[in-house]
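Chemist: Have a look at this fold, sequence not included:
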């Protein structure tokens, strides 16, 4: 699990990112991007949302959330991580991600991050 200072925890924080209206998507997930950081020393805060539309079974929703979270954790360690200058990110998996394996989720996360970097930088 990510440290508390790197997670979005309040609904008002999620609402703020949604109001920015900056998103990119592919067939497996949607990525919302918040505003840019003013202070580079603060970490990027991330939220993961998997609704019941993805799957009714909570076990499958939690599995998808774990896979997306793990893919993000592996990518944020890279010093060339493109979105490290943003304050907030929200990952929302789609229903097709339930049948995907880790490698497909990882590629989808990379794809969304690169597209967001090109679109909003």
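Modeler: Ah, there it is. These numbers were taken from a predicted model, which means no experiment stands behind them.
Chemist: so how many other residues sit close to residue 120?
Modeler: 16 (other CB atoms under 10 Å). To be clear about C-beta, it is placed using only N, CA and C from the backbone, and glycine gets the same treatment.
Chemist: My guess is it contacts residue 22. True?
Modeler: Yes: the criterion here is CB atoms under 8 Å, and residue 120 meets it with residue 22 at 5.6 Å.
Chemist: which neighbours do these two share?
Modeler: Common neighbours of residue 120 and residue 22, using CB atoms under 8 Å, 6 or more residues apart in numbering, are residue 33.
Chemist: how about the helices in the protein?
Modeler: 11-20, 58-76, 102-120 (DSSP state H).
Chemist: buried ones in the first one?
Modeler: Put plainly, it is helix 11-20. By 16 or more other CB atoms under 10 Å, the buried positions in helix 11-20 come out as 13-14, 17.
Chemist: what residues does that helix touch?
Modeler: Helix 11-20 is contacted by residues 8, 32-35, 45, 47, 49, 88-90 when judged by CB under 8 Å, 6+ apart.
Chemist: In strands only, show me those residues.
Modeler: 32-33, 45, 47, 88-90 (DSSP state E).
Chemist: Pick the one among those residues closest to residue 114.
Modeler: Closest approach between those and residue 114, by CB to CB: residue 33, at 12.1 Å.
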